[in-house]
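S.K.: sequence and predicted model, in that order:
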Amino acid sequence: MSAPLLSLKDVTIAYDSVVAVEDVSFNVEKGDFFCVVGANGSGKSTLIRGILGLEPLLRGTVSFGVDRDRVSWVPQVEAADRDFPATVREIVLTGTQKRGGLVFFYTAADRRNADAAMEFFEIEDLAGRRIGELSGGQHRRMMLARAMCRDPDLLLLDEPCSGLDADAKRAFYDWLNRLHDERGATIVMVSHDLDEVELRATRIAVLDRRLVFLGDAGEWTRGKNGKNARGSLEFSGGPAS
């Protein structure tokens with residue numbers, strides 16, 4: 001059996017001695033559509049930032065079974081991000097840069113990969129458009145294209161549908177399904193969209209600072225543990241945490 005693409009062991013993260021995530025352990029295997037869900041304030045986004053090295057761990061370990069340059073992520077969208085004076089093509093091209101590097105030119109291969117990613121997500125006709133002119137759904141597809149233009153082994157997403165209406169959310173999750181089913185992408189996503197997660201995830205981790213449930217989507221939907229965990233949380237559309 002191959003090694004996990006991502007492995008967490010007893011991960012704990014704190015802010016000013018206040019513990020936000022405590023003793024979280026799980027593995028992500030190749031081909032998973034793995035979703036971390038929980039109420040606002042449960043530590044979901046803190047956890048993914050810890051995985052990415054953006055928040056220091058108080059204790060525990062995060063291990064990748066792939067080269068870090070083969071890991072891409074889609075962060076939460078901030079209002080200021082959409083005011084940045086760049087075109088769709090320029091933003092997607094930045095996804096070809098390697099971790100820690102500053103690139104002042106792009107190769108022909110980089111441009112081909114960016115064009116292929118925009119074509120896959122059906123935004124090639126928006127390539128020259130300023131990102132502030134995009135709808136919410138178009139902006140999310142642009143960010144997916146940016147993340148996927150290097151064909152990563154592992155894709156991480158932090159509340160990618162925050163702020164989208166119901167139709168745009170459903171369409172975005174359909175694109176994630178295409179990535180998972182057609183391109184075999186391994187996905188780790190933080191979300192509070194419980195209904196969509198239940199329909200689409202292969203495995204689910206429910207977080208309430210600690211892990212409340214960890215298992216496959218069918219067990220979460222059918223099983224006693226899933227019902228108890230679901231009943232203990234209040235999911236809402238407010239800011240993620």
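M.R.: Cool, the structure landed.
S.K.: beta partners for the residue nearest the centre of the chain?
M.R.: When the chain is reduced to its mean C-alpha position, the nearest residue by CA atoms, centre = their mean turns out to be L157, at 1.0 Å. Listed by DSSP bridges, the beta-bridge partners for L157 are V74, M189.
S.K.: against S45, how distant is it?
M.R.: With the distance defined as CB to CB, to the nearest Å, L157 ends up 11 Å from S45. Bear in mind the C-beta positions are built from the backbone N, C-alpha and C, glycine included.
S.K.: overlap in contacts, the two.
M.R.: Taking CB atoms under 8 Å, 6 or more residues apart in numbering as the criterion, L157 and S45 both touch V190.
S.K.: residues of the longest helix seen in the chain that come out buried?
M.R.: What stands out as the longest helix in the chain, according to DSSP state H, is helix 166-182. Applying a neighbour-count criterion of 16 or more other CB atoms under 10 Å, one finds A168, K169, F172, Y173, W175, L176, L179, H180 buried in helix 166-182.
S.K.: do I have it right that V28 meets A185?
M.R.: No. Here V28 does not reach A185: they are 12.0 Å apart, not a contact under CB atoms under 8 Å.
S.K.: which pLDDT value belongs to G218?
M.R.: Per-residue pLDDT puts G218 at 77.
S.K.: now P152: phi and psi?
M.R.: When read as degrees, to the nearest 10, the backbone of P152 gives phi -70, psi 160.
S.K.: that one contacts V74, correct?
M.R.: No. Between P152 and V74 there is no contact under CB under 8 Å: 10.9 Å.
S.K.: okay, the nearest residue to R203 once chain neighbours are set aside and A109: tell me how far apart.
M.R.: Leaving aside its sequence neighbours, R203 sits nearest to F34 (CB to CB, 6 or more residues apart in numbering; 4.9 Å). Distance of F34 to A109, computed by CB to CB: 30 Å.
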